[in-house]
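K.L.:
starting from these lines, generate the structure:
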Amino acid sequence: MSGHSKWHSIKHKKMAEDAKRGKIFTKLIREIMVAAKMGGPNPETNPKLRMAIEKAKSYNMPNDNIQRAIKKGTGEEGGVNYEQFTYEGYGPGGVAIYVEVLTDNKNRSAAEIRSIFSRHNGNLAGAGSVSWIFERKGLITVKKEGVDEDTVLGIILDAGAEDMKTESDRYEIITTPENFEKVKKALEENNIPIENASITFIPKNTVRLEGKEAEQLLKLLDELEECDDVQGVYANFDIPDEILETISK
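P.N.:
The predicted structure follows:
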């Protein structure tokens with residue numbers, strides 16, 4: 001999972017840069033609106049909204065923007081009606097790709113996503129084609145520098161984490177979605193600095209890619225991420241870290 005993990009870290013850094021330009025705010029606002037619409041405006045009783053707000057704050061979204069998004073989602077202020085969809089397909093090398101979308105125009109989104117796949121040697125597939133490859137999990141990353149592995153392991157296991165993987169420069173903590181917040185809170189209470197924390201889709205198996213196929217795949221994934229209607233992109237590739245770093249620059 002190393003190459004896949006490195007890509008996750010690169011994405012997080014890119015999103016931080018996008019946040020400085022306000023580019024990511026459109027996606028975050030949609031996420032907050034839909035969460036508020038589905039579960040109500042109170043983050044204390046709406047875990048999905050609480051997570052969306054925390055994510056928005058991590059990218060320095062102003063609180064006024066967050067509150068307006070909540071009001072639009074609940075209909076208190078006029079807002080666009082967004083619907084959730086997923087698309088499944090394959091990229092170069094047969095890599096499985098799962099795409100989450102929030103859109104006010106399904107036809108527009110479908111056409112744009114199909115076009116992106118086609119431009120980068122990929123193709124869309126039917127519902128259920130690749131979704132079985134991914135498991136919904138909580139993923140928390142902690143930088144290794146100055147943090148003792150046994151200490152972290154003890155904290156997270158006591159809080160109900162499933163596993164911890166040690167990579168070159170970070171610890172990857174995997175939880176069930178139900179125990180995600182409990183594990184995250186335990187780390188925070190023990191002053192363990194969290195690099196990134198999210199509910200995501202983790203592949204059960206991966207496809208090794210190098211060379212031209214690796215480059216084509218990353219271009220496909222990047223363009224999907226750039227699409228305003230796309231909220232999340234997940235793929236079961238494994239690209240060596242050194243190649244991933246070179247291509248992603």
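
K.L.:
tell me the mean pLDDT for the longest strand seen in the chain?
P.N.:
The strand that spans the most residues within the chain, counting by DSSP state E, is strand 134-143. Strand 134-143 comes out with an average pLDDT of 92.

K.L.:
now swap in stretch 163-175 and tell me
P.N.:
The model assigns stretch 163-175 a mean pLDDT of 89.

K.L.:
tell me what the longest strand of the chain is packed against?
P.N.:
helix 2-20, strand 170-175, helix 180-189, strand 196-203 (3 or more CB pairs under 8 Å, 6 or more residues apart in numbering; DSSP states H and E). (Each C-beta comes from the backbone N, C-alpha and C, glycine too.)

K.L.:
lowest mean pLDDT across the ones you listed, which one is that?
P.N.:
Looking at the helices and strands packed on strand 134-143, the bottom one is helix 2-20 with a mean of 61.

K.L.:
look up phi and psi at E44.
P.N.:
For E44, the backbone dihedrals (degrees, to the nearest 10) come out as phi -70, psi -30.

K.L.:
what residues are up against it?
P.N.:
By CB atoms under 8 Å, 6 or more residues apart in numbering, the contact set of E44 is R50.

K.L.:
go with 7 Å
P.N.:
Not one residue lies near E44 by CB atoms under 7 Å, 6 or more residues apart in numbering.

K.L.:
per-residue confidence at it?
P.N.:
On the pLDDT scale, E44 gets 90.

K.L.:
for N121, see how far away it is.
P.N.:
Distance of E44 to N121, given as CB to CB, to the nearest Å: 47 Å.

K.L.:
can you check V233 too?
P.N.:
Applying CB to CB to V233 and N121 gives a distance of 16 Å.
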